[in-house]
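Visitor: I would like the atomic coordinates for the input below:
(chains A and B, ligands or ions: 3)
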Amino acid sequence: MTNYGLVIDQERCIGCQACAVSCKQENNVPMGQFWNRVLTEGGDKIDTPSGGYPEDGGSGSLDMEYQPTACQHCENAPCVKVCPVNATYTRDDGIVEIDYDKCIGCRYCMAACPYNARVFNWDEPEQMPEEGTGDVAARPQGVVEKCTFCSHRVDEGLDPACVVNCPADARIFGDLDDEGSTVSKYINEYETDQLLEDRGTDPKTHYISGEMSPGRPQTSDKMESELDDVSPWSDGAEDVPSDADGSDSGDSGGSHHSIESDADPHVPAVGSGGDD
Amino acid sequence: MAADSSRIAIPAFGTKGKLWLGLLAAIMVAGLAAWGYQLTTGLVATGMRNVFSWGLYIMMFVLFVGLSAGGLIISSAPKFFHSHRYEGFARLGVLVSLACITVAGLLILPDIGRPERLYQFFTSPDFRSPMVWDFGIVILYGVLNLWYLWLLTRRDLAARGSRLALGVADTDAGRERDRTLMFWTAALALPTAVALHSVTGWIFATQIGRGDWFSPLVAPVFIAKALVSGLGLLLVVSVLADRLTNYEVDREELTSLGKILGIFLALHVVYLLAAERLPHAWANHFEFWAITSSFLIGESVYFWLWTVVGGAVPLVMLMIPSLRKRVSVIFTASLLAVFGTMFEGIRLVFTGYEVANIALPPGISTGGEYAGITTDIWATAGAYTPTLVEVAVTLGIVAFGALIVTLGLKYVPIQRVERPESYATDGGRQERQ
Ligand code: SF4
Ligand code: SF4
Ligand code: SF4
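Guide: Ligands and ions are numbered 1, 2, ... in the order given. The predicted structure follows:
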């Protein structure tokens, strides 16, 4: 069965906030709310490091890392278990979603979520521009909303908006149940953590730290599984994108056709268009 | 006269009574208006935000669920053991319980973002959710209280020709049957009360994401808390009713219940609290004195209000032999116990939201103007102050509870007047006043 998950390579992440902003746009997220936040691990403020500059020839201790945080789509999701009216549920493909027509707005799920991933529409949501953005209908006042892994895109065979819009290819979306998928491989090959692992929620979002991965393999907005064949190194070539791929203008946005070990990448005649 | 086995506490409302009713009505109207306002503007009218998403309504829900315990337990525990102890408190106790559980249930309404969808509890419940269990048990408990109050008084109501008897007649056989029914109701009421407080505790105790909530002690503490505050409130109300209405409190029973309150306080504030704190203090500190001080010294104002003002002080008052027999002392100690218990619920909610598990900057989007730690839409820690709207709505609902008690004193024969001989020998006394 399909079980979608996300890998975020914190070594690749440059803290550009593109994922947070594209999430807000794509999902029509109201003013004052964020489903996806890029947190700074370091100083007290966003984009500030901890530690100090090297002084008097000594070595500095500056340290900073980014931690993009949205709904972790937990396997053992407390928000699903507490929802009294089944408004929050886990889809067959593993995505944790809310039925906004059912939600009574009790906010028990917000108490249950250890990640503060959920937001509540305290007043009539305000969109900018007024008619809203993206492809998702606005949610009414009085309900809870959160990241859906862009289920409306996933249903169309597209990766979530944050994934395709990450300029650092730090976000990789795919099927955790498919051992050949990039997410599964990275989780096997790299040092990955889940947030607040000790709570036993078993998130489907995994963070790579330590060694940098080659990042998201394909450059189209399609999901890996929708490509004619998977990425160039899916069949054994270890952990670097093929040189050919690297020399190819990385953001041309075409699907990669099946590429045997050392073949030239096939560039389709017409680019399939970028993100949206 | 002698034939009358019951007494109404308020035969008719005097000027003071009418003023009191007027005051309650005014508070209720204000609460209703505040709720109307909150319905139109949304919960943004409250002090709650994404970082601190439960507030006064839930804190007071916790308090009133606890308060609803005392009366029912005091009136049903002796019945269950076929004892006549505390008979004088039985009816008043159930009345107070009924009022409190009604207040608790109503407090959920303004907390809900879309109350018009509450029917979903029936059409689409998820039985994994402690809230569904609690919803069920609160309703069951409310119905049980209503039934019990009626059962306790229906023959007397019939004897008075009240329509509230709903056609039941006052016969000796009927009274006899009612006593069996009372036994079975008591047998059902006790476990239901235990379940009510445990389930309400489990709403919090099952949550791994909110600091100290995740503790197996929460449910037992909620039971102890219910015993303390519920009995405390019953004593407060009975003394007030004694002073202000024709209800007469039995001094001996009052003193005895005061003693029991002292025992409950000791169990709750001294024993259970110590049991909860000691392992943490021990595990987190190394030196003997560090362990001791972290064990003894609490972290917040709420903690002190609860343990000292609502715990240690009334406990001492009820322990000193020369003091504990005085009605004024029992009254004050009970009042303090209720007041202190309020802060236990407040503290519980605060410990869940004050600290965010992931407190990295910029933090959590608050979903509206937020006057907590920061003034922008981001917050890395929770802060909460209830707004006037929340206070008004809450007071309105509490006033409704007070109205229930007041009307109960007016329309339900709340006092049983001792009839020394057994019911069986006083046949033929069902003719009316
Ligand atoms: S991160 Fe929070 S909202 Fe998302 S599935 Fe886990 S508990 Fe639910
Ligand atoms: S706020 Fe909505 S989604 Fe969350 S637990 Fe309540 S009903 Fe379910
Ligand atoms: S878009 Fe990519 S690089 Fe930018 S903050 Fe998000 S994860 Fe990091």
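Visitor: quick check: buried residues in stretch B:203-221?
Guide: Buried positions in stretch B:203-221, judged by neighbour count with 16 or more other Cβ atoms under 10 Å in any protein chain shown: B:203-213, B:217-221. C-beta coordinates here come from the backbone N, C-alpha and C atoms, glycine included.
Visitor: got the contact list for that stretch?
Guide: By Cβ atoms under 8 Å, 6 or more residues apart in numbering or on different chains, the list of residues contacting stretch B:203-221 from outside reads A:78, A:82, A:108, A:111-115, A:199-201, B:130-131, B:134, B:197-198, B:201-202, B:268, B:272-273, B:275-276, B:348, B:351-355, B:357.
Visitor: then stretch B:386-403 to PDB, C-alphas only?
Guide: Provided in PDB are the C-alpha atoms of stretch B:386-403 (Å, rounded to 0.1, in the frame of the first residue of the first chain):
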ATOM      1  CA  PRO B 386      -9.100  35.600  29.700                       C
ATOM      2  CA  THR B 387     -11.000  38.400  28.100                       C
ATOM      3  CA  LEU B 388     -14.000  40.200  29.500                       C
ATOM      4  CA  VAL B 389     -16.200  38.200  27.000                       C
ATOM      5  CA  GLU B 390     -15.000  34.900  28.400                       C
ATOM      6  CA  VAL B 391     -15.500  36.000  32.000                       C
ATOM      7  CA  ALA B 392     -19.000  37.300  31.200                       C
ATOM      8  CA  VAL B 393     -20.000  34.100  29.400                       C
ATOM      9  CA  THR B 394     -18.600  32.000  32.200                       C
ATOM     10  CA  LEU B 395     -20.400  34.000  34.900                       C
ATOM     11  CA  GLY B 396     -23.600  33.800  33.000                       C
ATOM     12  CA  ILE B 397     -23.400  30.000  33.000                       C
ATOM     13  CA  VAL B 398     -22.500  29.900  36.600                       C
ATOM     14  CA  ALA B 399     -25.500  32.100  37.400                       C
ATOM     15  CA  PHE B 400     -27.700  29.600  35.600                       C
ATOM     16  CA  GLY B 401     -26.300  27.000  37.900                       C
ATOM     17  CA  ALA B 402     -27.200  29.200  40.900                       C
ATOM     18  CA  LEU B 403     -30.700  29.600  39.500                       C
END
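Visitor: now that stretch: buried residues?
Guide: Applying 16+ other Cβ under 10 Å to stretch B:386-403 flags B:386-387, B:389-390, B:392-403 as buried.
Visitor: which of these sit farthest apart?
Guide: Greatest spatial distance in the buried residues of stretch B:386-403: B:T387 and B:L403, 24.4 Å, computed using Cβ to Cβ.
Visitor: for the nearest residue to B:V62 once chain neighbours are set aside, give me the pLDDT.
Guide: Spatial nearest neighbour of B:V62, excluding adjacent residues (Cβ to Cβ, 6 or more residues apart in numbering or on different chains): B:G345 at 3.6 Å. Per-residue confidence (pLDDT) for B:G345: 91.
Visitor: what about B:G345, how many neighbours?
Guide: By the criterion of other Cβ atoms under 10 Å in any protein chain shown, B:G345 has 25 neighbours.
Visitor: which among the buried residues of stretch B:386-403 gets closest to ligand 2?
Guide: B:E390 (18.3 Å; Cβ to the nearest ligand atom).
Visitor: contacting residues around that closest one?
Guide: B:45-47, B:55-57, B:110.
Visitor: narrow the buried residues of stretch B:386-403 to those in strands?
Guide: Of those, none are assigned to strands by DSSP state E.
Visitor: in helices, which of the residues you listed fall?
Guide: B:389-390, B:392-403 (DSSP state H).
Visitor: adding pLDDT, write those residues out as JSON lines.
Guide: JSON lines is the format used below for these (pLDDT from 0 to 100):
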{"residue": "B:V389", "pLDDT": "97"}
{"residue": "B:E390", "pLDDT": "97"}
{"residue": "B:A392", "pLDDT": "98"}
{"residue": "B:V393", "pLDDT": "98"}
{"residue": "B:T394", "pLDDT": "98"}
{"residue": "B:L395", "pLDDT": "98"}
{"residue": "B:G396", "pLDDT": "98"}
{"residue": "B:I397", "pLDDT": "98"}
{"residue": "B:V398", "pLDDT": "98"}
{"residue": "B:A399", "pLDDT": "98"}
{"residue": "B:F400", "pLDDT": "98"}
{"residue": "B:G401", "pLDDT": "98"}
{"residue": "B:A402", "pLDDT": "98"}
{"residue": "B:L403", "pLDDT": "98"}
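Visitor: which of the three states applies to A:Q67?
Guide: Classification of A:Q67 using DSSP: H, G, I helix; E, B strand; the rest coil returns strand.
Visitor: please work out which residue of the stretch 101-250 of chain A is closest to ligand 3.
Guide: Distances between the stretch 101-250 of chain A and ligand 3 by Cβ to the nearest ligand atom are smallest at A:C166, namely 3.2 Å.
Visitor: quick one: B:T385 and chain A, what's the gap?
Guide: 15 Å (Cβ to the nearest Cβ, to the nearest Å).
Visitor: surely that residue and B:R49 touch.
Guide: No: contact between B:T385 and B:R49 fails when scored by Cβ atoms under 8 Å: they sit 11.1 Å apart.
Visitor: what residues does chain A have near ligand 3?
Guide: Within reach of ligand 3 by Cβ under 6 Å from any ligand atom, chain A has these residues: A:8, A:13-19, A:38, A:66, A:68, A:166, A:168, A:170-171.
Visitor: now, of those, which are buried?
Guide: So, by 16+ other Cβ under 10 Å, the buried ones in the residues of chain A next to ligand 3 are A:8, A:13, A:15, A:17-19, A:38, A:66, A:68, A:166, A:168, A:170-171.
Visitor: what ranges do the helices span in chain A?
Guide: A:18-26, A:78-82, A:108-112, A:151-154, A:161-164, A:182-189, A:243-247.
Visitor: can I get the ones you listed in a markdown table with mean pLDDT and distance to A:I46?
Guide: Formatted as a markdown table, the helices of chain A follow (pLDDT from 0 to 100; distance: least, Cβ to Cβ, whole Å):
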| stretch | mean pLDDT | distance to A:I46 |
| --- | --- | --- |
| helix A:18-26 | 97 | 11 |
| helix A:78-82 | 98 | 26 |
| helix A:108-112 | 98 | 23 |
| helix A:151-154 | 97 | 28 |
| helix A:161-164 | 97 | 18 |
| helix A:182-189 | 97 | 27 |
| helix A:243-247 | 42 | 32 |
